[in-house]
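In: Everything below, folded, please.
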Amino acid sequence: MLIEIMPEEIKDVGGARIAIKKLLNLVEELAQANTALRQQVQDLRDENARLKGEQGKPDIKGKKSGRGQDHSSEKERKALGGEGERRARKELAKNAYIPVDREEVVTVARSELPSDAEFKGYEPSLVQDISFTSDNVRFLKEKYYSASEHKTYLAGLPAGYEGQFGPHVRALVVSFYYVAGMSEPKISELLKQMGVHISAGQVSNILTQDLGVWQVEADEMFVAGLKSTSWQNIDDTPTRVNGENAYCHILSNPFYSWYATRARKDRLTVISVLAGNASQERIYLLNDRTADWLETFGVPRWAQHRLADWPHDLWLTADEMRTHLERDLAPRLNTQQQARVLEAAALSAYHAQTEVPIIPIMVSDDAPQFNEITTAHSLCWIHEGRHYKKLTPVVVHHQQLLETFRGEFWTYYGQLQLYRSAPSEAKAQHLRTEFVRLFSTQVGYAQLDVCIAATLSKQSQLLTVLEHPEIPLHNNTAELAARQRVRKRDVSFGPRTPDGVKAWDTFMSLAETAKKLGISFYAFVYDRMAKLNVIPPLAQVLMNRAANALAP
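Out: Modelled structure (predicted):
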């Protein structure tokens, strides 16, 4: 970097500035390399100590203060006043939305009142409480016997009472597990304390058996969620299934969240998730659109010509596609190229199917598996801001340059917010011009300049909002939904059986959607278990809420 600098040839201030900039950037590189080497040395010392039977340096988590510790950009985003669509909200008095279950008159002891005391009415005081007691019922079922028919007639239990436990207990078990985040042994322990004798195995049965009705409602909710907005937020988070690594995929918008656990997180898996393919049996199709994706994915031309001879406009199973690949392409295409062929055929199938709505716009982070799936793809500005927050310059001049540019970054973000609330073609053109100007900047801090150039290369995806002002600028809804899965994983580690996987995905989808729709999940589960069906299907509530919220 500095080999070409000749000190005696520096004749003016400009040349000196160039040399100083190069020296300061070298300082940054050496400081980062030094930090990385220190960490590597410490890791090696810890490993050496463990091999000797000793302990390494304890990993004591410090406070997230100081530079480079907190990479979240929420503080900057919120400082701009929130999203453009946010309306002024009036603070509701707490008592306005707390239901009153009963009233009780509290009297003043007459012996304490003077003779001239005059009654002036009542002063309300609302106190919240709950009654949590057992309600164990011994049903005496009438029993009749007909000698002529040689048949016994026995009265059935009331609706919702099945097996050993009534609908309240079963609804509480599900709510404790998915809302309160309790483990199965702790749920059993708490209920025993309240007089309900239930084992951890019985708790597990309530959570994982008879999922058919719940899955139907979750699937209907999923389709309604896809229809409810023109965009979908998507994300994934690591999880464990029976101790093996897997991934939980999340689809969401302001009205619902949907979870799908899969073994992988590649593009083929994402396509399967979008198609609602719970069985994970991928369906493939070759048609006129397949050639475009093959070209986009860089599949060799000779392979494209060979694919033209394969069956077109016919649905193909995974086994059939694998047979064609092994026969015609596998000897010459590597594993990655074969995956691109499968992705092209899977995308053709996804866009041709009619079972679930096709997503027009996807909002995600910058993970490569989300590319090329939907017609439009918008990137999260909060994720983009994190790249700048991760920079930790040690040179004061570079710190000032970074702080100044980050201020301009969030100022531009605020302009996009304002555009969403009142879009116009003139404003859109101005913002495009301003984007190019801002992210073509070169400040002289090499690492910052690399980040700025990287943002410029994502112009079309970061500015999707100019053509679709209804979409959010961030991926927060999917990330918040993913956080719920992370918390559940921390408590219960992960499901161990296929039934457990289905239960986690189904009930977490229903729980998070009910919360977004303002419905008590416990009330919803009890309503279904008691067979009351007073609460409408979540899909219906979701569509009504979306229609009202997005109406002009």
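
In: going forward, measure contacts and count neighbours with C-alpha atoms only.
Out: Noted.

In: all strands for the stretch 201-350 of the chain, in order.
Out: 231-241, 244-253, 256-262 (DSSP state E, counting those that start in this stretch).

In: most packed of the ones you listed?
Out: strand 256-262 (a mean of 26; mean count of other C-alpha atoms under 10 Å).

In: May I have the strands that pair with that strand, each with its orientation?
Out: With DSSP bridges as the test, strand 256-262 is paired with strand 244-253 (antiparallel).

In: Show me how far the partner strand is from its chain's centre.
Out: Relative to the centre of its chain, strand 244-253 is centred 8 Å away, using C-alpha atoms, centre = their mean, to the nearest Å.

In: Break the protein into its domains for me.
Out: Listed by automatic domain parsing, the domain ranges of the chain are 160-208, 213-372+476-550, 381-466.

In: What is the end-to-end distance of stretch 466-484?
Out: One end of stretch 466-484 to the other measures 31 Å (C-alpha to C-alpha, to the nearest Å).

In: meant to ask about stretch 304-311, not that
Out: The first residue of stretch 304-311 is 13 Å away from its last residue (C-alpha to C-alpha).

In: next one: stretch 250-266
Out: 14 Å.

In: How about stretch 373-391?
Out: Span of stretch 373-391 from end to end, C-alpha to C-alpha: 31 Å.

In: and the residue positioned nearest the centre of the chain, how far is that from residue 265?
Out: Central residue of the chain (C-alpha atoms, centre = their mean): residue 478, 2.8 Å from the mean position. Separation of residue 478 from residue 265 (C-alpha to C-alpha): 15 Å.

In: any chance of the strands of the stretch 201-350 of the chain in CSV, plus mean pLDDT and distance to residue 362?
Out: Output for those, formatted as CSV (pLDDT from 0 to 100; distance: least, C-alpha to C-alpha, whole Å):
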stretch, mean pLDDT, distance to residue 362
strand 231-241, 95, 5
strand 244-253, 95, 10
strand 256-262, 96, 14
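
In: mind putting those strands in a markdown table, distance to residue 201 included?
Out: Putting the strands of the stretch 201-350 of the chain into a markdown table (distance: least, C-alpha to C-alpha, whole Å) gives the following:
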| stretch | distance to residue 201 |
| --- | --- |
| strand 231-241 | 19 |
| strand 244-253 | 22 |
| strand 256-262 | 23 |
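
In: I'd like the average pLDDT over stretch 490-499.
Out: Averaging pLDDT along stretch 490-499 gives 88.

In: Tabulate the CA atom coordinates of that stretch in CSV.
Out: These are the backbone C-alpha positions of stretch 490-499, laid out as CSV (Å, rounded to 0.1, in the frame of the first residue of the first chain):
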residue,chain,number,x,y,z
ASP,A,490,-33.5,-21.2,24.6
VAL,A,491,-36.1,-22.7,27.0
SER,A,492,-37.0,-25.9,25.3
PHE,A,493,-33.9,-26.5,23.1
GLY,A,494,-35.9,-27.8,20.2
PRO,A,495,-38.5,-30.4,19.1
ARG,A,496,-37.4,-34.0,19.0
THR,A,497,-40.0,-35.7,16.7
PRO,A,498,-41.8,-34.8,13.4
ASP,A,499,-45.0,-34.3,15.5
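
In: still on that earlier bit, the domains of the chain: which one's closest to residue 97?
Out: Taking C-alpha to C-alpha, domain 213-372+476-550 is the member of the domains of the chain nearest to residue 97, at 12.3 Å.

In: So which helix or strand of the protein has the lowest pLDDT on average?
Out: Least confident helix or strand of the chain, by mean pLDDT, DSSP states H and E, is helix 74-79 with a mean of 64.

In: Go through the helix or strand that comes right after it and flag the buried ones.
Out: Using DSSP states H and E, the helix or strand that follows helix 74-79 in sequence is strand 143-146. By neighbour count on 16 or more other C-alpha atoms under 10 Å, the buried set for strand 143-146 is empty.

In: try stretch 516-534
Out: 516-517, 519, 521-530.

In: repeat for stretch 305-321
Out: Residues 307, 316, 321 are the ones in stretch 305-321 that count as buried (16+ other C-alpha under 10 Å).

In: which ones are touching the second one?
Out: Applying C-alpha atoms under 8 Å, 6 or more residues apart in numbering, one finds that residue 316 lies in contact with 283, 284, 285.

In: Per-residue pLDDT of the closest residue to it other than its chain neighbours, please?
Out: Nearest non-adjacent residue to residue 316, counting by C-alpha to C-alpha, 6 or more residues apart in numbering: residue 284, 4.9 Å away. On pLDDT, residue 284 comes in at 94.

In: And the one 10 residues further on, by the same measure?
Out: The predicted structure scores residue 294 at 95 on the pLDDT scale.

In: give the contact list for it.
Out: Contacts for residue 294 were tallied using C-alpha under 8 Å, 6+ apart; they are 304, 340, 341, 344.

In: Neighbour-wise, give me the winner out of these.
Out: Compared across those, residue 344 has the highest neighbour count, 28 neighbours, by other C-alpha atoms under 10 Å.

In: That one: what's it in contact with?
Out: The contact partners of residue 344, taken as C-alpha under 8 Å, 6+ apart, are 290, 291, 293, 294.

In: Adding distance to residue 406, write those residues out as CSV.
Out: As requested, those are arranged in CSV below (distance: C-alpha to C-alpha, whole Å):
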residue, distance to residue 406
290, 42
291, 42
293, 37
294, 39
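
In: of those, closest to residue 190?
Out: Within the contacts of residue 344, the smallest distance to residue 190 is 55.2 Å, found for residue 293 (C-alpha to C-alpha).

In: Now for that closest one, how many residues are close by?
Out: Residue 293: 20 neighbours (other C-alpha under 10 Å).
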